[in-house]
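Q: give me coordinates for this.
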Amino acid sequence: MVKLRLQRFGTTKKPFYRLVAADSHKRRDGRYLEIVGFYDPTKEPAFVDIDRELALKWLNQGAQPTDTVKNLFSRNGIIAEYAKSKIASK
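A: Residues are numbered from 1 along each chain as shown. Predicted coordinates:
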């Protein structure tokens with residue numbers, strides 16, 4: 001099963017994250033399939049850069065986002081766009 005999740009980088013108390021598509025059996029910072037975006041919560045306001053096309057591609061292929069990634073997608077309108085595309089395809 002593929003999950004869309006955060007991969008932690010940075011030093012102690014200065015984290016930043018990559019949003020990646022990864023096999024759910026791999027470690028958090030282990031091997032991934034593709035980089036979908038970046039998230040830096042230390043900036044004010046938090047820096048979020050998500051490739052919409054890649055995110056929608058992985059969601060359409062059945063990848064499950066973690067809770068945090070789902071919140072980031074919601075703030076950027078990706079979940080709403082995905083829901084519209086699912087309704088339109090029916």
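
Q: where along the chain do the strands fall?
A: 2-11, 14-23, 34-40, 47-50, 64-65 (DSSP state E).

Q: what about the chain, any weak spots by pLDDT?
A: Scanning the chain for pLDDT under 70 picks out 90.

Q: contacting residues around the top helix by length along the chain?
A: Looking across the chain with DSSP state H, the single longest helix is helix 78-89. Here helix 78-89 makes contact (C-beta atoms under 8 Å, 6 or more residues apart in numbering) with Ile50, Arg52, Ala55, Leu56, Leu59, Asn60, Lys70, Phe73, Ser74. The C-beta positions use only the backbone N, C-alpha and C, and glycine is treated the same way.

Q: burial count for the last one?
A: Read that as Ser74. Around Ser74 there are 12 other residues, counting by other C-beta atoms under 10 Å.

Q: with the third one instead?
A: Taking other C-beta under 10 Å as the criterion, the count of residues near Ala55 is 25.

Q: I figured it was touching Val36, is that so?
A: Yes: counting by C-beta atoms under 8 Å, Ala55 touches Val36, with 5.3 Å between them.

Q: shared neighbours, these two?
A: Leu4, Leu19.

Q: about what we covered before: distance from the chain centre to the longest helix of the chain, please.
A: Averaging C-alpha positions (C-alpha atoms, centre = their mean, to the nearest Å) puts helix 78-89 17 Å from its chain's average.

Q: what residues of that helix count as buried?
A: Residues Ile78, Ile79, Tyr82 are the ones in helix 78-89 that count as buried (16 or more other C-beta atoms under 10 Å).
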